[in-house]
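[1] Curious how this folds, go ahead:
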Amino acid sequence: MTDDDGTTAAAATGTLGYEQARDELIEVVRRLEAGGTTLEESLALWERGEELAKVCRHWLEGARARLDAALARPQEDGQG
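    Modelled structure (predicted):
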């Protein structure tokens, strides 16, 4: 999942699309809720979940900014 310095996970997370990150996050949460993992495994899952949540948040913030920009532009439908 990560190297000792966390660079592998950070690099892999940075290339994920929203849907990929969301789906993996759902799986991480499912595994945590199911239990049966060691403390170390649970901590690694939690850390991965935090990384994935940041990716999702980044995508959603970008989408919100694009929507806000589109709504702020004057209508270009030929009226006026």
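
[2] Backbone dihedrals for Gly36, please?
    Gly36 adopts backbone torsions of phi 80, psi 10, taken as degrees, to the nearest 10.

[3] Quick one: find the helix or strand in this structure with the lowest mean pLDDT.
    helix 7-14 (a mean of 55; mean pLDDT, DSSP states H and E).

[4] Next SSE downstream of it?
    Counting by DSSP states H and E, the next helix or strand C-terminal to helix 7-14 is helix 18-34.

[5] tell me the mean pLDDT over that next one?
    Mean pLDDT, helix 18-34: 98.

[6] what about Ala65, how many residues close to it?
    10 (other Cβ atoms under 10 Å). In this view, the C-beta of every residue, glycine as well, is placed from N, C-alpha and C.

[7] confidence score at it?
    On the pLDDT scale, Ala65 gets 97.

[8] swap in Asp77?
    58.

[9] How about Pro74?
    Checking the pLDDT column for Pro74, the value is 82.

[10] name the element it belongs to?
    Per DSSP H and E: nothing holds Pro74, as it lies in no helix or strand.

[11] how many neighbours does it have?
    6.

[12] go on, Val28?
    20.

[13] May I ask you to name the longest helix in the protein?
    helix 39-72 (DSSP state H).

[14] counting contacts, what elements does that one pack onto?
    helix 7-14, helix 18-34 (3 or more Cβ pairs under 8 Å, 6 or more residues apart in numbering; DSSP states H and E).
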